[in-house]
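[1] I would like to see how this sequence folds:
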Amino acid sequence: MNISLQYCNITVHDVEEALVFYRDALGLEVRNDVASGEFRWVTLGSPDQPDLEIVLSEPHAGRSREDGDTMQALLTKGVLPMLVFRTDDLDAAFEKVRASGAEVMQEPIDQPWGPRDCAFRDPSGNMVRINQAPKA
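    The predicted structure follows:
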């Protein structure tokens with residue numbers, strides 16, 4: 001048996017605003033853009049990981065009003081789980097994302113546990129980290 005991750009969901013306030021960040025600043029490609037009633041969800045991915053997609057959706061999409069309100073409150077507080085990306089050129093990735101106007105949480109630094117990384121907030125306040133593996 002083999003098993004692999006296919007989708008990773010990111011809750012955002014505004015799919016269009018988040019799309020600009022994930023597509024333009026991070027360089028992910030749009031795979032699907034689907035209307036679903038009054039909501040919309042978009043999947044994006046990297047050509048380097050063709051079987052993995054990130055799903056952007058709003059807090060109330062596919063949820064009850066109560067659950068959507070809870071997700072909205074957690075998103076607003078900035079306490080939803082972070083995403084961690086990997087790159088082979090952290091400095092270039094950092095400059096590209098910073099140039100997009102994204103909020104910088106941490107400039108590139110070498111971490112004591114190995115990787116060099118940086119951190120941003122997406123337009124909805126989700127933390128996004130970018131790692132570069134240590135040079136061998």
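[2] now do the contacts for G27.
    S46, K96 (CB atoms under 8 Å, 6 or more residues apart in numbering). Placement of C-beta: from N, CA and C, glycine included.
[3] now do 7 Å
    Applying CB atoms under 7 Å, 6 or more residues apart in numbering to G27 gives no contacts.
[4] before we move on, what about P50?
    Not one residue lies near P50 by CB under 7 Å, 6+ apart.
[5] hang on, it is in a helix, isn't it?
    No. If the criterion is DSSP: H, G, I helix; E, B strand; the rest coil, then P50 is coil and not within a helix.
[6] how is F94 assigned, secondary-structure-wise?
    Secondary structure, three-state DSSP: F94 is helix.
[7] strands of the chain, residue ranges please.
    Here the chain has its strands, by DSSP state E, at 7-11, 29-36, 39-45, 53-57, 83-86, 103-110, 116-121, 127-132.
[8] so of these, which one's packed in deepest?
    Mean neighbours per residue, mean count of other CB atoms under 10 Å, is largest over the strands of the chain for strand 53-57, with a mean of 22.
[9] what's that strand packed up against?
    Identification of packing neighbours for strand 53-57 by 3 or more CB pairs under 7 Å, 6 or more residues apart in numbering; DSSP states H and E yields strand 7-11, helix 15-19, strand 39-45.
[10] just put those in CSV and tack on distance to S124 and mean pLDDT.
    Below are those laid out as CSV (distance: least, CB to CB, whole Å; pLDDT from 0 to 100):
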stretch, distance to S124, mean pLDDT
strand 7-11, 7, 96
helix 15-19, 6, 96
strand 39-45, 13, 96
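[11] for those, give me TSV that also has distance to L75.
    Shown next, in TSV, are the helices and strands packed on strand 53-57 (distance: least, CB to CB, whole Å):
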stretch	distance to L75
strand 7-11	5
helix 15-19	11
strand 39-45	15
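[12] quick one on the thing from earlier: can you list the strands of the chain in CSV and add distance to D69?
    What follows is those, written out as CSV (distance: least, CB to CB, whole Å):
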stretch, distance to D69
strand 7-11, 12
strand 29-36, 19
strand 39-45, 15
strand 53-57, 15
strand 83-86, 23
strand 103-110, 25
strand 116-121, 22
strand 127-132, 22
